[in-house]
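Student: When you get a sec, could you give me coordinates for this:
(one chain, ligands or ions: 2)
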Amino acid sequence: MAHSILSVADLSTEDMNHIFSRSLKLKSQLKQHESVHVLENKVAGLLFEKPSTRTRTSFQTAVLRLGGQAVYLPSSELQLSRGEPIKDTARILGSYLDTIIARVYSHQTVTDLARYSDVPVFNGLSDLEHPTQIVCDLFTVKEVKKDLEGLTLAFIGDGNNVSNSLLLGTALTGMNMNLACPEGHDPDKAILERAKRIANETGSKLQIVRNPEEAAKDADVLYTDVWVSMGEEKEREERLKTFQGYQINANLLALAAKDAVVMHCLPAHRGLEITDDVIEGDQSIVWEQGENKLYGAIGLLDFFLGGK
Ligand code: CP
Ligand code: NVA
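Tutor: Numbering: from 1, shown residues only. Ligands and ions are numbered 1, 2, ... in the order given. Here you go, the predicted model:
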């Protein structure tokens, strides 16, 4: 099976550092309008079951900027929507394409895509993880803070795909993570255990707490995500009640380190998980974070397809 990124745990600490330095180098080359041909003659397919603004456009643009071609494959327009099995789809797509970037409901779908296509698969979000997001985000933190090791990231909100991947990413890079979530919305148990095993080796400290203030105290990075993820729309009313208080606002930010930065993977819901003044404020690096989805995707494509 080709080397894929289905989980952050598919990367080592060394791989992460390599991707960060390639993202940085290629970002500077592309900003100076130098041409980069790492993906020349390569064709990427973007198989998406869910909407996307950033992941889709950043990966498509990344492939084009690196000299390759990208084909958008919304699952609603494939025979998948009429019941063709994913393994059959994967075998055929793998025989045409050099890589697949996929956004899916069930994590099993990206696992099957990787298994049967035999080309590198990038998980562009599943119900379990959002690994490419977290590589881009930690690249952004590194750009801003220079060194990741020893920094504390406080995640306020849902123990969802983004926070699962953040647990693994912070553990791999030697960062500490405080995750504040309501009872019943903890991160995935197996992922937390895996992240804790990695943390034991890198010296990172991970903890789950209920109180957002406790998580945010002295943190270097405050991070949040939506209260209702794609696919959870039926739980919306109940979630809006449960997550009251799990908001990044000026009071919470005042508890963090003086030079703390605020992150959100977007799309954001002002007045729910984050307030307008904070996302628009001086400590927000949300727009740099969004822009770096492109340069993180470039580093990832270079790592998996460009020849290491
Ligand atoms: N952060 C993120 O994955 O955004 P999109 O849903 O727009 O891709
Ligand atoms: N947790 C969110 C992330 C969106 C980028 C979702 O899955 O919808």
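
Student: Show me which residues of the stretch 101-250 of the chain sit near ligand 2.
Tutor: Residues of the stretch 101-250 of the chain lying close to ligand 2 (Cβ under 6 Å from any ligand atom) are Leu125, Asn160, Asn161, Val162, Asp225, Val226, Ser229, Met230. For glycine as for every other residue, the C-beta is placed from the backbone atoms N, C-alpha and C.

Student: so the residue positioned nearest the centre of the chain is in which element?
Tutor: In the chain, the centroid-proximal residue (Cα atoms, centre = their mean) is Gln133; its distance is 1.9 Å. Gln133 is part of helix 131-145, with elements assigned from DSSP states H and E.

Student: avg pLDDT for whatever helix or strand comes next after that helix?
Tutor: The first helix or strand that comes after helix 131-145 along the chain, using DSSP H and E, is strand 152-156. For strand 152-156, mean pLDDT is 99.

Student: Show me what strand 152-156 pairs with in its sheet, parallel or antiparallel.
Tutor: With DSSP bridges as the test, strand 152-156 is paired with strand 176-180 (parallel), strand 221-224 (parallel).

Student: between those, which one is nearest to Thr275?
Tutor: strand 221-224 (10.5 Å; Cβ to Cβ).

Student: gap between the residue nearest to Leu253 when sequence neighbours are not counted and Met230?
Tutor: Among residues not flanking Leu253 along the chain, Val278 sits closest, at 5.9 Å (Cβ to Cβ, 6 or more residues apart in numbering). Taking Cβ to Cβ, to the nearest Å as the measure, Val278 falls 24 Å from Met230.

Student: Between these two, which is the more surrounded one?
Tutor: When neighbours are counted by other Cβ atoms under 10 Å, Val278 and Met230 differ, and Val278 comes out ahead with 23 against 16.

Student: thinking again about what came up before, out of the strands paired with strand 152-156, deepest packed?
Tutor: Of the strands paired with strand 152-156, the one with the most neighbours on average (mean count of other Cβ atoms under 10 Å) is strand 221-224, at a mean of 28.

Student: Helix or strand next in line after it, which one?
Tutor: helix 236-242.

Student: In that following helix, which residues are buried?
Tutor: Residues of helix 236-242 classed as buried: Arg239, Thr242 (neighbour count, 16 or more other Cβ atoms under 10 Å).

Student: And the average pLDDT for it is what?
Tutor: 98.

Student: Past that helix, which element shows up next along the chain?
Tutor: Going down the chain from helix 236-242, the next helix or strand is helix 250-255, by DSSP H and E.

Student: can you list contacts of that following helix?
Tutor: Under the contact criterion Cβ atoms under 8 Å, 6 or more residues apart in numbering, helix 250-255 has outside partners 156, 212-213, 216-218, 222, 260, 262, 275, 277-278, 281, 283.

Student: what residue of this structure is the furthest out?
Tutor: Relative to the centre of the chain, the most outlying C-alpha is that of Arg82, 29.6 Å out, by Cα atoms, centre = their mean.

Student: Thanks a lot, see you next time.
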